[in-house]
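In: predicted model and sequence below, questions to follow.
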There are 2 protein chains.
Amino acid sequence: MTTKEVLLQQALILFRKEGYDATGVQKIADAAGVGKPTLYHYFGNKRGLLNALLSTHLEIFWKDFETAVVYQHDIVRSLESVARVYFEFAKNNPEFYAWFLCMSNTPTEGDIHDEVLPLCEKQWTALSELFLAASKDHGNMKGRHQRYAYTFLGIINASIQAYFNKMIKLNDRDAFEICHQFMHGIFS
Amino acid sequence: MTTKEVLLQQALILFRKEGYDATGVQKIADAAGVGKPTLYHYFGNKRGLLNALLSTHLEIFWKDFETAVVYQHDIVRSLESVARVYFEFAKNNPEFYAWFLCMSNTPTEGDIHDEVLPLCEKQWTALSELFLAASKDHGNMKGRHQRYAYTFLGIINASIQAYFNKMIKLNDRDAFEICHQFMHGIFS
DNA sequence: AATTTAATATACCGAACGGTATATAATACT
DNA sequence: AGTATTATATACCGTTCGGTATATTAAATT
């Protein structure tokens, strides 16, 4: 593993354990076994490290997410594939996703807010457009697409947290059940 | 307003805006127009201020929550009253509840974790017991009470966040619809 | 009125913060 | 082989951190 990768790895561990603000760059450098200027050589500043940590991990997620979120006149199917993307990603990157969830509702100022908010809005916007497209086929969904996007994301993330607490497995059957439960209420 | 109340008020504003770790006690004292030793006189240390902020705001919530969460052989009714308690509290204390949500999934170490985690678990445990009691009346809920507690809380908080983003009003009708949507999937 | 107690301010502590100037070792290019 | 570039370390910068020793003012008690 390269020095850069070790720095990113240790930063994730420490940011998750103690929080971004409470973790000093010195401690990250120490954990990686290098000096502080080495860290600044690779990432410019503390926020650059945060940004690199987010973009490297989320690169794969966005690719899968964007292909799953397209509407093909079957909203349940789209939701299921979206849920599977989330679940797979959370299972493959549990440390990172747990950390990302911590940051999703963060203070209204500071590095974390500035870096993470756009990423959350990107998810919400795509889901909102999915429900909007679906509401053209299902009249009773009309005018509620934003709310559906919010609550669906809420259930997805609550389920992932349940997985972190070893309550569910987060397999394809869970994805089916959760989406089914969600839509059944909406359709009826 | 007493000096103590002003300190609590300004601490909430700053903790929410910049985060607990990023907010220095000096800044809180300045915002309240007093010296730092005054803050330490009332709260002992920074964590004491955090603790006081939590307990003073949540005192009312716990009272309402605990009366709402009892099971009277009508799970939908219990859930609705719980939802109404959350919604009323969030509407009456929006700044505090938004901050509390930020902290609910926080780093695994530090003051915030130590102070907030027990409060989250208290909610989850009570809801879990509610669903457990209900599963004695509804066989198809059996063995899933913990998961129901998780996802129900997830929807409640997602809805409150939707309220903060001015998407829903969070009135009694919303509480009804959300609980109905939640249970309809479970019963079917 | 005298005295104790609570509330506040000034000034300071050592430690840790994010960040950098400078120097050196290792690698890549010409 | 010599030169440029990349990667790393030592040592330091000014600032802010949480917290406190001391002194003073205001309020309550006797």
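Out: Happy to help now that I have it.
In: so how far is DNA strand C from the residue in chain A that DNA strand D sits nearest to?
Out: Ranked by C-beta to the nearest atom of the strand, the top residue of chain A for proximity to DNA strand D is residue A:35, at 3.1 Å. For every residue, glycine as well, the C-beta is placed using N, CA and C. Using C-beta to the nearest atom of the strand, to the nearest Å, one gets 7 Å for the distance from residue A:35 to DNA strand C.
In: and what of residue A:151?
Out: To DNA strand C, residue A:151 is 36 Å away according to C-beta to the nearest atom of the strand.
In: distance of that residue from residue A:111?
Out: If you measure residue A:151 against residue A:111 using C-beta to C-beta, to the nearest Å, the figure is 29 Å.
In: ditto for residue A:52
Out: 13 Å.
In: can you pull the buried residues of the helix or strand of chain A with the lowest mean pLDDT?
Out: Least confident helix or strand, chain A: helix A:172-187 with a mean of 81, by mean pLDDT, DSSP states H and E. For helix A:172-187, the neighbour count (16 or more other C-beta atoms under 10 Å in any protein chain shown) marks A:174-175, A:177-179, A:181-186 as buried.
In: so which elements touch that helix?
Out: If contacts are counted by 3 or more C-beta pairs under 8 Å, 6 or more residues apart in numbering or on different chains; DSSP states H and E, helix A:172-187 sits against helix A:75-92, helix A:145-164, helix B:172-187.
In: switch the cut-off to 6 Å
Out: helix A:75-92, helix B:172-187 (3 or more C-beta pairs under 6 Å, 6 or more residues apart in numbering or on different chains; DSSP states H and E).
In: could you export those helices as CSV, including distance to DNA strand D?
Out: Converted to CSV, the helices and strands packed on helix A:172-187 look like this (distance: least, C-beta to the nearest atom of the strand, whole Å):
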stretch, distance to DNA strand D
helix A:75-92, 27
helix B:172-187, 38
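In: and the ones you listed: which comes nearest residue B:139?
Out: Closest of these to residue B:139 is helix B:172-187, at 11.1 Å (criterion: C-beta to C-beta).
In: which residues touch residue A:35?
Out: The neighbourhood of residue A:35, defined by C-beta atoms under 6 Å, 6 or more residues apart in numbering or on different chains, consists of residue A:29.
In: where does it fall, phi/psi-wise?
Out: Torsion angles at residue A:35 (phi, psi; degrees, to the nearest 10) stand at phi -80, psi 160.
In: check what pLDDT residue A:124 gets.
Out: On pLDDT, residue A:124 comes in at 95.
In: which bits of chain A sit near chain B?
Out: When proximity is defined as C-beta under 6 Å from any C-beta of the partner chain, chain A approaches chain B at A:17-19, A:21-22, A:101-102, A:105-110, A:146-147, A:150-151, A:154-155, A:158, A:162, A:167-168, A:181, A:184-185, A:188.
In: any chance of a ChimeraX selection covering the buried ones in these?
Out: Buried subset of the residues of chain A next to chain B, written as a ChimeraX selection, criterion 16+ other C-beta under 10 Å:
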select /A:17,18,19,21,22,101,102,105,106,107,110,146,147,150,151,154,155,158,162,167,168,181,184,185
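In: from the contact counts, what lies against the lengthiest helix in chain A?
Out: In chain A, taking DSSP state H as the definition, the longest helix is helix A:111-135. Other elements packing on helix A:111-135 under the criterion 3+ C-beta pairs under 6 Å, 6+ apart are helix A:46-68, helix A:94-104, helix A:145-164.
In: number of nearby residues for the residue of chain A found nearest DNA strand C?
Out: Nearest to DNA strand C, among the residues of chain A, is residue A:24, at 2.5 Å (C-beta to the nearest atom of the strand). Applying the criterion other C-beta atoms under 10 Å in any protein chain shown, we find 13 residues in the vicinity of residue A:24.
In: next, the contact list for the closest residue to residue A:65 other than its chain neighbours, please.
Out: Distances taken as C-beta to C-beta, 6 or more residues apart in numbering or on different chains put residue A:85 closest to residue A:65, at 5.3 Å, once the chain neighbours are dropped. Applying C-beta under 6 Å, 6+ apart to residue A:85 gives the contacts A:64-65, A:68.
In: make it 8 Å
Out: By C-beta atoms under 8 Å, 6 or more residues apart in numbering or on different chains, the contact list for residue A:85 reads A:61, A:64-65, A:68.
In: most neighbours among those residues, which one?
Out: With neighbours defined as other C-beta under 10 Å, the most crowded of those is residue A:61; it has 21 neighbours.
In: and residue A:70, helix, strand or coil?
Out: Under DSSP: H, G, I helix; E, B strand; the rest coil, the three-state class of residue A:70 is coil.
In: which pLDDT does the model give it?
Out: According to the prediction, residue A:70 has pLDDT 98.
In: next, count neighbours for it.
Out: Using other C-beta under 10 Å, the number of residues around residue A:70 comes to 13.
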